[in-house]
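J.: Here is my input, please return the structure:
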Amino acid sequence: MQLAIIGRSGIISDVPDGGDSSPYDWHPIRGSLEAIARLHLAGWRVIVSCSHPELDGGHMTPDMMLRLHDSLRRRVSERGGIIDAIFYCPHGPDSACSCRMPAPGLLQDIARRLHIDLADVPVIGDSIAQLQAATAAGARPMLVKTGRGFGTVSLPELDPDVPVFEDLYIVTDHLLELH
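T.: Predicted coordinates for the structure are as follows:
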């Protein structure tokens with residue numbers, strides 16, 4: 001069984017202006033929920049990885065975060081897909097934690113808990129931090145031009161070997177063609 005690790009904000013849902021303060025106030029990027037369903041139906045396990053610094057700052061409660069995750073899972077399920085797990089970093093940007101990207105700790109935690117090697121696992125993100133974390137964890141970084149990705153494409157620190165895709169739906173086409 002194949003595994004894909006997908007970032008949430010900017011890849012699955014629009015990047016929030018002021019943080020995900022409401023579990024009901026998020027909007028999927030066109031085709032993203034269908035892309036997750038397609039991966040699931042093709043036998044892939046889908047893991048979502050995200051940051052929730054709002055927890056650290058007190059702008060989001062754990063209950064609000066769980067409702068946000070439940071809403072995401074429900075909307076993917078309505079399209080025939082399943083999100084196998086959601087992993088998150090609860091720390092703010094000033095934290096010295098190992099799970100806040102670009103540190104690879106969150107991805108390493110996923111690998112440890114699922115007993116997998118990240119060597120051929122695609123990590124799909126829209127930011128340089130996500131791509132750097134994927135590389136540091138030994139995974140296969142992939143960039144989408146949604147969310148922050150349009151700006152990330154032009155950053156000088158972007159590894160030219162990282163494949164770039166228009167959105168999650170197009171990445172899914174690519175992954176399903178390869179496997």
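J.: From now on I want contacts and neighbour counts done on CA atoms only, so please keep to that.
T.: Fine.
J.: Go through the longest strand seen in the chain and flag the buried ones.
T.: Identified as the longest strand of the chain according to DSSP state E is strand 45-51. Buried residues in strand 45-51, counting neighbours by 16 or more other CA atoms under 10 Å, are found at 45-51.
J.: Tell me the neighbouring strands of it, and mark each as parallel or antiparallel.
T.: strand 3-7 (parallel), strand 85-89 (parallel) (DSSP bridges).
J.: got these as JSON lines, with mean pLDDT and mean neighbour count columns?
T.: Shown next, in JSON lines, are these (pLDDT from 0 to 100; neighbours: other CA atoms under 10 Å):
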{"stretch": "strand 3-7", "mean pLDDT": "98", "mean neighbour count": "22"}
{"stretch": "strand 85-89", "mean pLDDT": "95", "mean neighbour count": "17"}
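J.: Quick check: which of the ones you listed is nearest to A119?
T.: With CA to CA as the criterion, A119 lies closest to strand 3-7 of the strands paired with strand 45-51, at 11.0 Å.
J.: and the closest one, how far from the chain's centre?
T.: Strand 3-7 sits 6 Å away from the centroid of its parent chain (CA atoms, centre = their mean, to the nearest Å).
J.: That one: what's the following helix or strand?
T.: helix 32-41 (DSSP states H and E).
J.: between the strands paired with strand 45-51, which gets nearest to L143?
T.: Closest of these to L143 is strand 3-7, at 10.4 Å (criterion: CA to CA).
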